[in-house]
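Q: Need the 3D shape of this:
(one chain, ligands or ions: 1)
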Amino acid sequence: MKKIIAVDGPAGAGKSTVSKKAAEKLGYTYIDTGAMYRAVGLKILESGKPLTENFLAEVTEKIQIELDESARVFVDGEEVTKKIRTPEVSKLASDVSKFPFVRKKLTELQRKMAERGQVIMDGRDIGTQVLPNADLKIFLTASLEERAKRRFEELKTKGQQLDLSEIEKEIFLRDKQDMERETAPLKQADDAILLDTTNLKIEEVLNKILELAK
Ligand code: DC
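A: Next up is the predicted model:
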């Protein structure tokens with residue numbers, strides 16, 4: 001069995017959904033690195049202050065981020081699992097992720113979390129930067145239209161009614177920003193397996209990953 005699995009890809013490709021399910025099946029720990037960038041973004045949002053480099057450095061130095069076995073997210077002891085899933089936090093997470101000192105702190109934390117092995121970690125730079133020696137690397141993608149549709153449905157089930165074209169625009173801009181940043185941009189690792197999920201059901205994607213993990 002592959003002990004360390006890295007899953008990367010653009011926003012809304014289904015990384016967290018399938019990684020979580022695969023982790024359950026394999027008895028592995030699921031680590032959502034996007035949640036960590038979101039945690040930093042939330043801290044900025046809740047401060048009510050503008051995002052300046054100095055203030056972000058202060059927040060990054062002090063912040064305590066924890067993920068538990070059920071993928072619940074805690075910031076400075078407070079559970080923020082739901083709060084970090086808003087469009088505002090998505091945008092801020094991408095904004096803060098451009099800063100090398102933020103990436104350095106979170107990357108170190110992520111490597112430490114993966115030390116024990118038997119982990120599935122998802123994000124943007126896991127196969128390229130965080131865990132370049134991962135046993136299995138998957139780059140999960142889907143068309144922009146399909147990803148926007150999935151996000152729309154997901155938010156609907158959570159009682160949030162957003163405009164589909166707005167979601168599509170938000171995802172497009174966030175991916176562009178994540179792909180164009182200088183430090184650890186979103187990119188498929190040379191040795192990653194590309195999985196286009198546009199026409200696949202969750203179960204089909206899950207089965208492919210489980211097959212590859214053998
Ligand atoms: O996976 P997500 O949508 O929750 O991630 C939110 C943002 O965090 C994403 O737009 C960019 C940033 N991120 C990152 O830069 N590196 C990662 N490994 C994970 C997320």
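
Q: does the ligand sit close to stretch 184-195?
A: No: contact between stretch 184-195 and the ligand is absent, the nearest approach being 6.9 Å (criterion: CB under 6 Å from any ligand atom). All C-beta spots, glycine's among them, are computed from the backbone N, C-alpha and C.

Q: What are the buried residues along that stretch?
A: Ala184, Pro185, Leu186, Lys187, Gln188, Ala189, Ala192, Leu195 (16 or more other CB atoms under 10 Å).

Q: Next: stretch 131-142.
A: Leu131, Ala134, Leu136, Lys137, Ile138, Phe139, Leu140, Thr141, Ala142.

Q: same question, stretch 67-80
A: Neighbour-count burial for stretch 67-80, counted by 16+ other CB under 10 Å, picks out Leu67, Ala71, Val73, Val75, Val80.

Q: With the ligand as the reference, measure out to the third one.
A: In this case it means Val73. Between Val73 and the ligand the computed distance is 10 Å (CB to the nearest ligand atom, to the nearest Å).

Q: That residue contacts Val80, doesn't it?
A: Yes: taking contacts as CB atoms under 8 Å, Val73 lies within contact range of Val80: 5.4 Å.

Q: any residues in contact with both of the two?
A: Both Val73 and Val80 are contacted by Ala39, under the criterion CB atoms under 8 Å, 6 or more residues apart in numbering.

Q: Among the buried residues of stretch 67-80, which pair sits farthest apart?
A: Ala71 and Val75 (14.3 Å; CB to CB).

Q: show me where pLDDT drops low in this protein?
A: Nowhere does the chain drop to pLDDT under 70.

Q: which residues in it form strands?
A: Assigned by DSSP state E, the chain shows strands spanning 4-8, 29-32, 65-67, 73-75, 78-79, 119-123, 136-141, 193-196.

Q: any chance of these in TSV, plus distance to Val40?
A: Below are these laid out as TSV (distance: least, CB to CB, whole Å):
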stretch	distance to Val40
strand 4-8	19
strand 29-32	14
strand 65-67	8
strand 73-75	9
strand 78-79	14
strand 119-123	14
strand 136-141	23
strand 193-196	28
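
Q: quick one: which of those strands is nearest Lys20?
A: Judging the strands of the chain by CB to CB, what sits closest to Lys20 is strand 29-32, at 5.0 Å.

Q: residues making contact with that closest one?
A: 16, 19-20, 23-24, 67, 69, 71, 73, 110, 113-114, 116, 118-123.

Q: Burial check on Lys20, number of neighbours?
A: 17 (other CB atoms under 10 Å).

Q: That one against Glu69, yeah?
A: No: look at Lys20 against Glu69 with CB under 8 Å: they stay out of range, at 11.5 Å.

Q: so who does the residue nearest the centre of the chain touch?
A: Note on the chain: the residue nearest the mean C-alpha position is Gly34, at 3.0 Å, using CA atoms, centre = their mean. If you count contacts by CB under 8 Å, 6+ apart, Gly34 has them with Ser16, Ala93, Asp122, Gly123, Arg124.

Q: Are any of those residues buried, and if so which?
A: Buried by 16+ other CB under 10 Å: Ser16, Ala93, Asp122, Gly123, Arg124, out of the contacts of Gly34.
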